[in-house]
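> Got a sequence here, can you build the structure:
(4 chains)
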Protein chains: 4
Amino acid sequence: MSEQEKEQSLRLRWRHIVFGTDTPSGRLFDQALIVAIIASVAAVMFDSVQSYHQKYGETLYILEWVFTVIFTTEYLVRLWISDRPGRYAFSFYGVVDLLSVLPTYLSLLIPGANFLLTIRILRVLRIFRVMKLLTFMSEAQFLASALMRARRKVVVFLFTVVIVMVSFGSLMYVIEGPQNGFTSIPSSIYWAIVTVTTVGYGDISPHTPLGQFIASLAMITGYAIIAVPTGIVTAEITSAMHRDRYSRECANCHLHEHDADARYCKRCGEGLGKLESDT
Amino acid sequence: MSEQEKEQSLRLRWRHIVFGTDTPSGRLFDQALIVAIIASVAAVMFDSVQSYHQKYGETLYILEWVFTVIFTTEYLVRLWISDRPGRYAFSFYGVVDLLSVLPTYLSLLIPGANFLLTIRILRVLRIFRVMKLLTFMSEAQFLASALMRARRKVVVFLFTVVIVMVSFGSLMYVIEGPQNGFTSIPSSIYWAIVTVTTVGYGDISPHTPLGQFIASLAMITGYAIIAVPTGIVTAEITSAMHRDRYSRECANCHLHEHDADARYCKRCGEGLGKLESDT
Amino acid sequence: MSEQEKEQSLRLRWRHIVFGTDTPSGRLFDQALIVAIIASVAAVMFDSVQSYHQKYGETLYILEWVFTVIFTTEYLVRLWISDRPGRYAFSFYGVVDLLSVLPTYLSLLIPGANFLLTIRILRVLRIFRVMKLLTFMSEAQFLASALMRARRKVVVFLFTVVIVMVSFGSLMYVIEGPQNGFTSIPSSIYWAIVTVTTVGYGDISPHTPLGQFIASLAMITGYAIIAVPTGIVTAEITSAMHRDRYSRECANCHLHEHDADARYCKRCGEGLGKLESDT
Amino acid sequence: MSEQEKEQSLRLRWRHIVFGTDTPSGRLFDQALIVAIIASVAAVMFDSVQSYHQKYGETLYILEWVFTVIFTTEYLVRLWISDRPGRYAFSFYGVVDLLSVLPTYLSLLIPGANFLLTIRILRVLRIFRVMKLLTFMSEAQFLASALMRARRKVVVFLFTVVIVMVSFGSLMYVIEGPQNGFTSIPSSIYWAIVTVTTVGYGDISPHTPLGQFIASLAMITGYAIIAVPTGIVTAEITSAMHRDRYSRECANCHLHEHDADARYCKRCGEGLGKLESDT
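Down below sits the predicted model:
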């Protein structure tokens, strides 16, 4: 058995462990991974709390490096065993896996960067695959696709909102001015965003009657236009659900998306058979 | 007449009083119960206000024990008279009934626990049954079922939102840091939740320009994604209403989609038989 | 010409002026009324501003009485000229008309009550009738009817929300306690309302980690359940619009509400004639 | 070649540059314009920040005038080359173009007016045309038309909301009064707007129990009625999407409702002719 064959068989065994979801070893690996991810995120969070940092700072620091080494190894293994390493490296999970180890190394150069390790939380998305929550995945894909269809409308909407905020912001800067907390146009735009999105921290708020009047307009605008993205997304989801619900397949061209009252395939003209509502 | 028979007949009489909604005694019992519940909740609330506590503290304390004893007795009676005590004990109302007496006993060990007595408010849900607000019950069930169907999508959504909040939180912790009120990652995540849900207390708010920029992104995100759950729920409710309206089948052409008030098939003119609303 | 006849003819002439919307005199009266209403509301608002009050206090006080006398006279005239005074007196406008003069008289007993005169703003609703904005009225009725159909669902929803708020409120009172601003259960419930509705003043906000965690749950709850009323109302409006758009009348029983694809009247079985989609 | 002919040919050449979107020169002009607009807005924003103003104030002042002169020239050129100058001058872009140069001249009279130059951001809307984002334009028009159809309902809604806010505002003024920050009815109405729109700055907040109760009602009102505009807009967008999808007629059975991608009638199987997407 040549070197290459050995290596090949080794890769295959590992692939079973890492990518396998049915094999016991595969499930064990996945579960261990989830636990490790959550533990590492928890560790980072604990470390960020002063009191804990003083007590357990060193332990947590070591723990952080342990997890980082583990995840780095895992990342390299995944690169090694996948047929198309490049494809994995640039896939969503590939990027996330890389991002969830980089901060520790970065923290050697930039102190504090390691707190970005919480990005590891994204790896928990694997939990869907692990727990065979395929229904959830399909739901997620359903939502994603609906949002994809809505994206252009949403972009147009956000573009408009940004312009509205810039206008309100600079208007308020001229009306209220630095003496009332509107120290600059950028910070006034920040105020406009805080207001139009109805967040309303109150760290900056108008004091002049005119300013309060303009602010009221900004609020009512924000209160009213929230309706637009909601309307867009709702419309997309509704029509998507409608299509889903009434999907019958054409025997000829295998098109799925037919309306409830369709008697013939809209693509190839083949009959679709009786409707529920037919005798 | 044997002991057991007596006991049996007694149970039956009590059952009429406790579960009966048509018998005068049953209605009286239910109404008295609602009044007692509201009174007891009011008492707890009053007691929590310092000024009242000093004046009427003792009276309210006695009152609390009186109500607790009454409700405890009622709970035991319900257990005694129901054929399947276990089933009642673990039903929604059974658990609520138990929870609405426990805190008083707990307060002997843990002071202040008795304020959890306001959980009794949940018992008021009985009001629907008492007042024969069956239509309301059906509406409630309608909504509940629509939400049940939407639950998986909502879970996926909330899961995503949590991940977004964790990311924004830790990012802000790195950018703003403790000196600007972002004392730890957990508290930064708290800030992120306050911001993305557009609550915006303002107890923590960004001070650095970069922080304000990231915060603006968080707000716009929260402002935009509120559209998703709304879209999901709306779509479910719409399709549920649609199904409701379209329930009866035409005997001739077997068309299903008829309005609730349809007497004749809208496609073939065949009679659809009596309406519920007909005599 | 007898006294009564004179009085009758006088009433008729006045009725033309007060209720007439086509006669020049009627239009003039209505327009003058709107102007008077807005002027009087403006006067009340001005008077509430300290600086103006000191300067023009007396003038505004006189003005207020002038308007009140005018509106009182108008109210009495309306009572006098209407055939069924009782019916007018208890109609929406009748009540509003009365409420918009009472506060001034009340202010003789209770100082400050006169600021409630702004209720007069409700009279401006007449503007719809005056300006012949019938389309707007129909829109308003359309919305009102949609909301009426949704009311039971909304009541159930609000009932649930109130219970949620009471629970969160008392829970937070136990967790945070008076030392953190949660001075009593009622004020904690006030906090819960401020939070769940995503208003978030920040006048009361949690300080303990556990409190902040519960608060986060409250926020996410509020952020998610806003979807429910929206879903309800949207569904109602959508179906109402659908019905509106496709209203064809049955020649036999004159039923309007038919679906787009209906060939026969769903009530009397009469043919509805060709569909748009028929040859 | 006469003077006029020369002038005419010159106008034509310029028209190619300014209005042309296919010619290289045209594209270059448009792109340069976008860059100039964004640069000028950035300059104004920078200038509003104290620290930058002190450092680069003069440079930015010169820059501002340079941009203003450029845009003024451009405006005049547009007037000159367009066949109907008046029509351009009163078109949306015409007005925006004028407004984006006026503030600089105004600032000679009113200091600070120049900060209104950020209105120039509106000119960026041209970016859609420049980048041939026609799909986006159509989406924008789609939304705009849906909102146009919804406008009357929204007006009725906003009218009602304003009346609600005035009522709540003056009620709170009477209850809380100046000593609690409700200094006047106008400022109380400002509070009502801040509350009902769920912005909640917290700069003004109720302190009396009764005030907090009324405020709670205001919040729940605001939380519930947001459903109305959302419902309106959603319904309009849904039906608009419905119309969009269902646009083509079957030559055989004259059914209108076909999906955009349908090649054959879903009812009678007749061909529907070429799709847009076909060659």
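> from here on, contacts and neighbour counts on C-alpha atoms
Fine.
> what's whichever helix in chain A runs longest packed up against?
As assigned by DSSP state H, the longest helix anywhere in chain A is helix A:134-176. Contacts defined by 3 or more CA pairs under 8 Å, 6 or more residues apart in numbering or on different chains; DSSP states H and E place helix A:134-176 against helix A:126-130, helix A:185-196, helix A:209-225, helix A:227-245, helix B:134-176, helix D:134-176.
> how much does it deviate in direction from helix A:209-225?
Here helix A:134-176 points in a direction 160 degrees away from that of helix A:209-225 (axes from the mean of the first three to the mean of the last three CA atoms, to 10 degrees).
> tilt between helix A:134-176 and helix A:227-245?
Using the same axes, to 10 degrees: helix A:134-176 against helix A:227-245 is 170 degrees.
> Compute the inter-axis angle for helix A:134-176 and helix A:185-196.
Going by the same axes, to 10 degrees, helix A:134-176 makes 120 degrees with helix A:185-196.
> Residues of the stretch 51-200 of chain A that sit close to chain C?
Counting by CA under 8 Å from any CA of the partner chain, the stretch 51-200 of chain A comes close to chain C at A:Thr198, A:Val199, A:Gly200.
> ok, and which of those reach chain D?
Answer for those near chain D (CA under 8 Å from any CA): A:Thr198, A:Val199, A:Gly200.
> Just give me the closest of these to D:Leu10.
A:Thr198 (52.3 Å; CA to CA).
> Three-state assignment for the closest one, please.
Using DSSP: H, G, I helix; E, B strand; the rest coil as the criterion, the local structure at A:Thr198 reads coil.
> got a pLDDT number for it?
We note a pLDDT of 89 for A:Thr198 in this prediction.
> what's the burial count for the residue nearest to it when sequence neighbours are not counted?
Once flanking residues are discounted, A:Thr198 sits nearest to D:Val199: 4.1 Å by CA to CA, 6 or more residues apart in numbering or on different chains. For D:Val199, the count of nearby residues is 32 (other CA atoms under 10 Å in any protein chain shown).
> D:Val199 contacts A:Met219, doesn't it?
Yes. Between D:Val199 and A:Met219 there is a contact at 7.1 Å, judged by CA atoms under 8 Å.
> Spit out the residues that contact these two alike.
Here D:Val199 and A:Met219 have A:Thr195, A:Thr198 as joint contacts, going by CA atoms under 8 Å, 6 or more residues apart in numbering or on different chains.
> who's in contact with the residue of the stretch 51-200 of chain A found nearest chain D?
Nearest residue of the stretch 51-200 of chain A to chain D (CA to the nearest CA) works out as A:Thr198 at 4.1 Å. A:Thr198 makes contact with A:Met219, A:Gly222, A:Tyr223, B:Thr198, B:Val199, C:Val199, D:Thr197, D:Thr198, D:Val199, D:Gly200, according to CA under 8 Å, 6+ apart.
> Now distance to D:Tyr61 too, for the residues of the stretch 51-200 of chain A next to chain C, in TSV please.
Shown next, in TSV, are these (distance: CA to CA, whole Å):
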residue	distance to D:Tyr61
A:Thr198	35
A:Val199	35
A:Gly200	34
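> and the helices and strands packed on helix A:134-176, which is most packed in?
Mean neighbour count (mean count of other CA atoms under 10 Å in any protein chain shown) peaks for helix A:185-196 among the helices and strands packed on helix A:134-176, with a mean of 27.
> Just the residues contacting that one, thanks.
Taking CA under 8 Å, 6+ apart as the rule, helix A:185-196 contacts A:165-166, A:168-170, A:172-173, A:182, A:200-201, A:204-205, A:215, A:218-219, A:221-223, B:209, B:212-213, B:216, B:219-220, D:45, D:48-49, D:199.
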